[in-house]
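S.K.: Sequence first, predicted coordinates after that:
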Amino acid sequence: MPGPGSSIPTWTPSRQRLEGVLRSSPPYPMVVLPAEGGFWVDPSDQRIYHDSSFDSEGNPVISDSLLGEHEDSPCRTFRAHFLQSEHFNFCGLEEGVGPMVLSVKYYNDAENNDNHIRVILRLTSGTQHKLLAADGLPEHPSPILLARMVSPDISISTLQPVLCPRASELLLNFDEHVLVNNFKFGVVYQRVGQTTEEALFGNRIHSPTMERFLEMIGRRVLLSEHTGYRGGLDTQFGQTGEYTFYTDHQGKEVMFHVATLLPYSETDSQQLQRKRHIGNDIVSLVFQEGSTPFSPDMVTSHFLHAYIVVQPLEGDRYRVSVTARSDVPYFGPSLPSPPVFRRGPEFREWLLCKLINAETACYKAEKFSKLEQRTRTSLLSNLVEELTSKTSDFLGIPPTEANTKIEKSEESGGIFKSVKKAFASRTKSTALAEMSVVGKSLPKSKSSSSGFSTAPHHHHPHHPDLEDGGRRGLLAPGRRGAKSDSGRGSVGTGSVTSSTGRGSSPISSSSSPDLTARLGPTIHSESDTSSLNSMEYDGSSRISPKKRASL
């Protein structure tokens, strides 16, 4: 370790921790967590394994229960059980509860006397699905009663029926807006003795063992000839390398950002050309060539939330460990005990399911869940408004009270818009009064604009994202079927800066985390940060200092 007077940079906490482990006696754990916490690891005991999953010949067994399915329910429930069959939809909007949409389907099996009701309740907090037994319920339970059977905490007084064409299409689009079919994952190569981020990203090539592993989970493709999902990689000019690994799994496209296949820079010790892709992924594989442990805080990234660590063993076998940030919930499929897999299609199936479910679970972490919650609220409000409006138009009746509330809420614009209107009205009255005074001198040092911008109403000179009286773009899902070059889009616009702890690097928007399909493209809503300086008023009330002087 560097001495007090040494010019060598101080070791990072992760390096100190890993070097300390390597000074102890083997065997070493695959993953070493920071002492201060912030991460979890599975299996929790990295040294002790139980032999309950070996067959009579000593081979590890993967049970069907460990494979499982992708964790995307209940967003597929409407398509599976309601679409193209008789069902009923209701919507409502009340203060303190927010928007909600209810779907109800009745089952009546007269022969077996088996009657039940399937209910989907969409709230701003999430979508809940429940199968209710008809026994014990009133003969014709009201929609509000069914909603409370699913979520007892809600208190809503009215739910309006949805009666309009294409309502099922709107509901289906809302339910499935969180489903994504494109994924990108990082792949980092860790040689024996490598305990720093610079060492991980500085590997020029990987071993034949890792090449065989990559050939198992995907196929090597030439980027210049690749026509599928590219995950932010360059397929035209070769700026992100010549080859990569790609696969498809259960209708989903998966692109791997392999560190050793991305461009290497002789003059950049941090290899930012590589990190700008992998550092902006949400889940990454770590392939350990030997028994040097990995620590999840080795790579400094705002977006990487989960790692699946793979270590090759003799006889075409692999030991696996999983680690993630503490606010990421557990995700399946489960690891066998011991966590050892034999090379083959079963391990590939398990690993791809684990990677996809890992990204789904990471969206529930605090960093992503707040953005998703805001998006969901906006989408659900728009859905209730559209269903209510289309129902009124279809039936030829005036808008319902719920729809009126929505319109009033949108037209109000909040306190900032009210203040701006008051200022505009007062300024206009003052300007007109001054124009009627003839021969009265005006101070040339003061402007009648009072600091307000006279730019056109649809443009803000300093904040191009503020439009139409202070409307700011929010992330919200758009139409299905649109395919982003970077997968599911990127957070924000322009460039993203990745903090490395030893400097920062610009990261192009094409390599940002893919959140748009799940969290959506831009829609507009009233901004609570509207500036009074962006207020405009009629051209009749705008008087330049020169014009005032002439009066």
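M.R.: Done, it's in.
S.K.: quick one, helices of the stretch 251-400 of the chain?
M.R.: Assigned helices in the stretch 251-400 of the chain, in chain order: 272-278, 345-362, 366-395 (criterion: DSSP state H, counting those that start in this stretch).
S.K.: Give me whichever of the ones you listed is most buried.
M.R.: Per-residue neighbour counts averaged over each of those give the maximum for helix 272-278, namely a mean of 24 (mean count of other CB atoms under 10 Å). From N, CA and C alone the C-beta is placed, and that goes for glycine too.
S.K.: Can you show me the helices along this structure?
M.R.: Along the chain, the segments classed as helices by DSSP state H run 13-22, 64-67, 77, 143-150, 167-175, 197-201, 208-217, 272-278, 345-362, 366-395, 401-412, 414-436, 516-519, 545-550.
S.K.: need the contact list for Val188.
M.R.: Neighbour list for Val188: Leu200, Phe201, Ala259, Ile278, Ser284, Leu285, Val286, Phe287, Val299 [criterion: CB atoms under 8 Å, 6 or more residues apart in numbering].
S.K.: Recalculate using a threshold of 6 Å.
M.R.: Applying CB atoms under 6 Å, 6 or more residues apart in numbering, one finds that Val188 lies in contact with Leu200, Ala259, Ser284, Val286.
S.K.: Just give the number of residues close to the residue nearest to the third one when sequence neighbours are not counted.
M.R.: Among residues not flanking Ser284 along the chain, Gly186 sits closest, at 3.4 Å (CB to CB, 6 or more residues apart in numbering). By the criterion of other CB atoms under 10 Å, Gly186 has 25 neighbours.
S.K.: Gly186 and His257 touch, don't they?
M.R.: Yes. Using CB atoms under 6 Å, Gly186 is in contact with His257, at 4.8 Å.
S.K.: any residues in contact with both of the two?
M.R.: Between them, Gly186 and His257 share the neighbouring residues Ile278, with contact defined by CB under 6 Å, 6+ apart.
S.K.: Any idea which of the helices of the stretch 251-400 of the chain gets closest to Val41?
M.R.: Closest approach to Val41 among the helices of the stretch 251-400 of the chain is made by helix 345-362 (13.4 Å; CB to CB).
S.K.: quick check: angle from that closest one to helix 208-217?
M.R.: Angular relation of helix 345-362 and helix 208-217 on a 0 to 180 degree scale: 80 degrees, by axes from the mean of the first three to the mean of the last three CA atoms, to 10 degrees.
S.K.: Dump helix 345-362 to CSV, keeping only the CA atoms.
M.R.: Taking Å, rounded to 0.1, in the frame of the first residue of the first chain, the C-alpha atoms of helix 345-362 are listed here in CSV:
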residue,chain,number,x,y,z
PRO,A,345,-29.0,-24.3,-23.1
GLU,A,346,-30.5,-24.5,-19.6
PHE,A,347,-27.8,-22.2,-18.2
ARG,A,348,-28.2,-19.8,-21.1
GLU,A,349,-32.0,-19.7,-20.5
TRP,A,350,-31.5,-19.1,-16.8
LEU,A,351,-28.9,-16.4,-17.3
LEU,A,352,-30.9,-14.4,-19.9
CYS,A,353,-34.0,-14.6,-17.7
LYS,A,354,-31.9,-13.4,-14.8
LEU,A,355,-30.5,-10.5,-16.7
ILE,A,356,-33.9,-9.3,-18.0
ASN,A,357,-35.5,-9.7,-14.6
ALA,A,358,-32.6,-7.8,-13.0
GLU,A,359,-33.2,-4.8,-15.1
THR,A,360,-37.0,-4.9,-14.4
ALA,A,361,-36.2,-5.0,-10.7
CYS,A,362,-33.7,-2.2,-10.9
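S.K.: Summarise which helices and strands it is packed against.
M.R.: Using 3 or more CB pairs under 6 Å, 6 or more residues apart in numbering; DSSP states H and E, the elements in contact with helix 345-362 are strand 283-288.
S.K.: so what strands line up beside the strand it packs on?
M.R.: Looking at strand 283-288 with DSSP bridges, its paired strands and their directions are strand 182-190 (parallel), strand 306-313 (parallel).
S.K.: If we go by neighbour counts, what in the shortest one is buried?
M.R.: Right, the one you point to is strand 306-313. Residues of strand 306-313 classed as buried: Ala306, Tyr307, Ile308, Val309, Val310, Gln311, Pro312 (neighbour count, 16 or more other CB atoms under 10 Å).
S.K.: Quickly note the distance from Asn108 to Pro34.
M.R.: As for Asn108, its distance to Pro34 is 57 Å (criterion: CB to CB, to the nearest Å).
S.K.: Settle it for me: which of the two has more neighbours?
M.R.: Shown here are Asn108 and Pro34; by other CB under 10 Å, Pro34 has more neighbours (13 against 10).
S.K.: Does the more buried one touch Thr323 like I think?
M.R.: No. The criterion here is CB under 6 Å, and Pro34 misses it with Thr323 at 10.6 Å.
S.K.: re earlier: tell me the one among the contacts of Val188 nearest to Leu102.
M.R.: In terms of CB to CB, no member of the contacts of Val188 lies closer to Leu102 than Ser284, at 40.2 Å.
S.K.: what's in contact with the longest strand anywhere in the chain?
M.R.: Taking DSSP state E as the assignment, the strand of the chain that covers the most residues is strand 98-109. By CB under 6 Å, 6+ apart, the residues outside strand 98-109 that reach it are 82, 87-93, 115-124, 143, 146-147, 380-381, 384.
S.K.: switch to 7 Å and redo it
M.R.: By CB atoms under 7 Å, 6 or more residues apart in numbering, the surrounding residues in contact with strand 98-109 are 78, 81-82, 85, 87-93, 115-124, 143, 146-147, 156, 159, 171, 377, 380-381, 383-384.
S.K.: If any of those are buried, put those into a PyMOL selection.
M.R.: Buried subset of the contacts of strand 98-109, written as a PyMOL selection, criterion 16+ other CB under 10 Å:
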select buried, resi 78+81+82+87+89+90+91+92+93+116+117+118+119+120+121+122+123+124+143+146+147+156+159+171+377+380+381+383+384
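S.K.: Which of the contacts of strand 98-109 fall within strands?
M.R.: Counting by DSSP E, the members of these that fall within strands are 88-93, 115-123.
S.K.: taking these as a set, which two sit the farthest apart in space?
M.R.: Taking every pair in these and measuring CB to CB, the maximum separation is 31.0 Å, between Leu93 and Asn115.
S.K.: Which pLDDT value belongs to Ser265?
M.R.: According to the model's per-residue confidence, Ser265 sits at a pLDDT of 89.
S.K.: what number of residues lie near Ala365?
M.R.: Other residues near Ala365 number 18, with proximity taken as other CB under 10 Å.
S.K.: same check, this time on Leu179
M.R.: With other CB under 10 Å as criterion, Leu179 counts 16.
S.K.: What backbone torsions are found at it?
M.R.: Geometry field for Leu179 lists phi and psi as phi -80, psi 130, criterion degrees, to the nearest 10.
S.K.: just checking, it touches Pro74?
M.R.: No. With contacts counted by CB atoms under 7 Å, Leu179 stays clear of Pro74, the gap being 11.6 Å.
S.K.: List the contacts of Phe257.
M.R.: No, residue 257 isn't Phe; it's His. Residues touching His257, when contacts are defined by CB under 7 Å, 6+ apart, comprise Lys184, Gly186, Val187, Gly231, His277, Ile278, Asp281.
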